[in-house]
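Trainee: Requesting a structural model of the entry that follows:
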Amino acid sequence: MNKFVETKMNVLKRIKQLFAATLALALAAQGASAQTLGSTVASFNILANPQVVLTGFSPTQPLNIPVVGTSPGITLTLTNASAGTYHPNDTTSINGMSEGLTLYNSLTNPPGATFVVFGAGLPAGALIPAPSAGITVYQVAAALSTTNGAPTIITGGVNDVVIFQVGTALTNTDHDVQLVGIQAKNVYWQVTQAASVTNDDATPRGFPGTIINNTIGQDITVVSSGAGALRTGRLVSLGGKVSVTQSGAGVMTFDFPFANGGPTGSNCTAGNFYPSPATGRVGTFSYCMELAGNVKIQVWNVIGDLASKIEDVKPAGSQTSTMDTARLAPGIYLYVLERSYVNGQTTRSNVKKFVVKH
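Mentor: A predicted model of the protein is given here:
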């Protein structure tokens, strides 16, 4: 063998070694993020097959979900509620459902995962056994039902993934699930049949992660009927509807999609005014701040004259601003609410109206 041929063989051998090492790294990376969460389905708070039903507490404390979709259904039922963006069987929701099915299937047998046979309810205290580094799948043969008790605490790393595979139905009532280290975007509840999350007393609770089920006619239901806040995540029903009801004073928040790294508030509306018609001295604008920032509300009469302007600084959360309506002439008024956040983002509502009647 001459020197040229030997050198060429060494180069080819080195290339093969580098390729093998690169492939091993790629496979390892795939195993660390085996769940296939497409960008379209990830943009939804709620995605359902036939219908989405949203019910809020009252006209002055409505339920608002930023991004909602249905496919192939086109039904959105609202009571004291609104959807910031609704996709009724359009390209976005159709793609989202396709990605949802891909996600569901990817959760079934993710490569490199540690599989744990799990009991019929979530434990009080630390999740045992604790998630392994990488992907841990907790398999529940039948129903996973948990009521009350001390919070379940799931501890792990920021890149770890936890999947609960539920053979039949998921029911979580007045039980808090807390994450330490693990991110909510890496927690999945893969449910075969119906899923229900309820908080009906004064204790604030959370049920983080993505709930996804995949049986025709089996629904996802979330209810907050007490004074305690309820924080939940993404809801995807590939075969059923999704219903969210806030019938108590506890504010609901949704982890997905992330609003500048934080949760999206269910009351983060673009501004509501009450009472309308206004007959006294005080009118109130009710709205929510996703982050701390500045609020500007401009009010015009119907011929386009600026009738009033409010400027204020508000923290994150549900907020109100008041205006002296007694000095306004009777009639119809239009207003726009603008919120400028500390991160530089600005949101502006559509033009809304209220009535003054003395």
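Trainee: my guess is Asn272 meets Gly56, correct?
Mentor: No: taking contacts as Cβ atoms under 8 Å, Asn272 lies outside contact range of Gly56: 10.7 Å. In short, each C-beta sits where N, CA and C put it, glycine included.
Trainee: joint contacts of these two?
Mentor: Pro62 (Cβ atoms under 8 Å, 6 or more residues apart in numbering).
Trainee: And the residue nearest the centre of the chain, how close does it get to Gln298?
Mentor: With distances taken as Cα atoms, centre = their mean, the chain has Phe256 as the residue nearest its mean C-alpha position (2.9 Å). Separation of Phe256 from Gln298 (Cβ to Cβ, to the nearest Å) stands at 32 Å.
Trainee: same question, Asn95
Mentor: 38 Å.
Trainee: more crowded one of those two?
Mentor: Asn95 (18 against 15; other Cβ atoms under 10 Å).
Trainee: What residues does that one make contact with?
Mentor: Gly38, Thr40, Val41.
Trainee: Most neighbours among those, which one is it?
Mentor: Val41 (26 neighbours).
Trainee: Nearest residue to it in space, ignoring adjacent ones along the chain?
Mentor: Glu99 (4.1 Å; Cβ to Cβ, 6 or more residues apart in numbering).
Trainee: and that neighbour, how many neighbours?
Mentor: Glu99 has 21 nearby residues by other Cβ under 10 Å.
Trainee: Repeat that for Ile216.
Mentor: 9.
Trainee: so who does it touch?
Mentor: Asn49, Gly239, Gly240.
Trainee: and which of those is nearest Val351?
Mentor: Asn49 (34.2 Å; Cβ to Cβ).
Trainee: and the helix or strand the residue nearest to Val41 falls within, how far from the chain's centre?
Mentor: Using DSSP states H and E, Glu99 sits in helix 91-106. On the basis of Cα atoms, centre = their mean, to the nearest Å, helix 91-106 sits 16 Å off its chain's mean C-alpha point.
Trainee: List the neighbouring strands of the helix or strand that it is followed by plus their orientation.
Mentor: Going down the chain from helix 91-106, the next helix or strand is strand 114-117, by DSSP H and E. Strand pairing for strand 114-117, using DSSP bridges, gives strand 135-140 (parallel).
Trainee: For Tyr335, list the residues it contacts.
Mentor: So Tyr335 contacts Gly271, Phe273, Phe285, Ile297, Gln298, Val299, Trp300, Val351, Lys352, Lys353, Phe354 (Cβ under 8 Å, 6+ apart).
Trainee: what secondary structure does the nearest residue to it once chain neighbours are set aside sit in?
Mentor: Of all residues not flanking Tyr335 in the chain, Val299 sits nearest, at 4.5 Å (Cβ to Cβ, 6+ apart). Under DSSP: H, G, I helix; E, B strand; the rest coil, Val299 falls in the strand class.
Trainee: i'd like the first residue to be 32 from this point on
Mentor: Renumbered: residue one is now 32, and that last one reads Val330.
Trainee: Show residues contacting stretch 106-119.
Mentor: 75, 81-90, 92-102, 104-105, 124, 127, 300.
Trainee: and the gap between the residue nearest to the centre of the chain and Ile242?
Mentor: 11 Å.
Trainee: Mutual contacts of those two, please.
Mentor: In contact with both Phe287 and Ile242: Gly264, Arg265, using Cβ under 8 Å, 6+ apart.
Trainee: Next, count neighbours for Lys272.
Mentor: 21.
Trainee: nearest residue to it other than its sequence neighbours?
Mentor: Lys272's closest residue in space is Gln82 (Cβ to Cβ, 6+ apart), at 4.2 Å.
Trainee: With Ser274 instead?
Mentor: Going by Cβ to Cβ, 6+ apart, Ser274 has Val84 as its nearest residue, at 4.2 Å.
Trainee: in a strand, that's where the one you found is, yeah?
Mentor: Yes: counting by three-state DSSP, Val84 is found in a strand.
Trainee: beta partners for it?
Mentor: What pairs with Val84, by the bridge criterion (DSSP bridges), is Thr108, Ser274.
Trainee: Contact partners for Leu359?
Mentor: Counted by Cβ under 8 Å, 6+ apart, Leu359 has contacts Ala309, Ala338, Ser339, Val387.
Trainee: do that again at 6 Å, thanks
Mentor: Counting by Cβ atoms under 6 Å, 6 or more residues apart in numbering, Leu359 touches Val387.
Trainee: my guess is Glu342 contacts Ile328, does it?
Mentor: No: the pair Glu342 / Ile328 is not scored as a contact, 8.0 Å apart, by Cβ atoms under 6 Å.
Trainee: Between the two, point out the one with more neighbours.
Mentor: Ile328 (21 against 11).
Trainee: Just the pLDDT for the residue nearest to Tyr366.
Mentor: Note for Val330: predicted pLDDT of 95.
Trainee: Next one, pLDDT for the residue nearest to Ser274 please.
Mentor: 98.
Trainee: I'd like the distance between it and Thr91.
Mentor: For Val84, the distance to Thr91 - Cβ to Cβ - is 21 Å.
Trainee: So these two - more neighbours on which side?
Mentor: Val84 (19 against 15).
Trainee: I'd say that one and Val273 touch.
Mentor: No: if you go by Cβ under 6 Å, Val84 and Val273 don't touch, sitting 7.4 Å apart.
Trainee: Surely Ala181 is in a helix?
Mentor: No: judged by three-state DSSP, Ala181 forms no part of a helix; its state is coil.
Trainee: quick one: contacts for it?
Mentor: Contacts of Ala181 by Cβ under 6 Å, 6+ apart are Ala155, Gly156.
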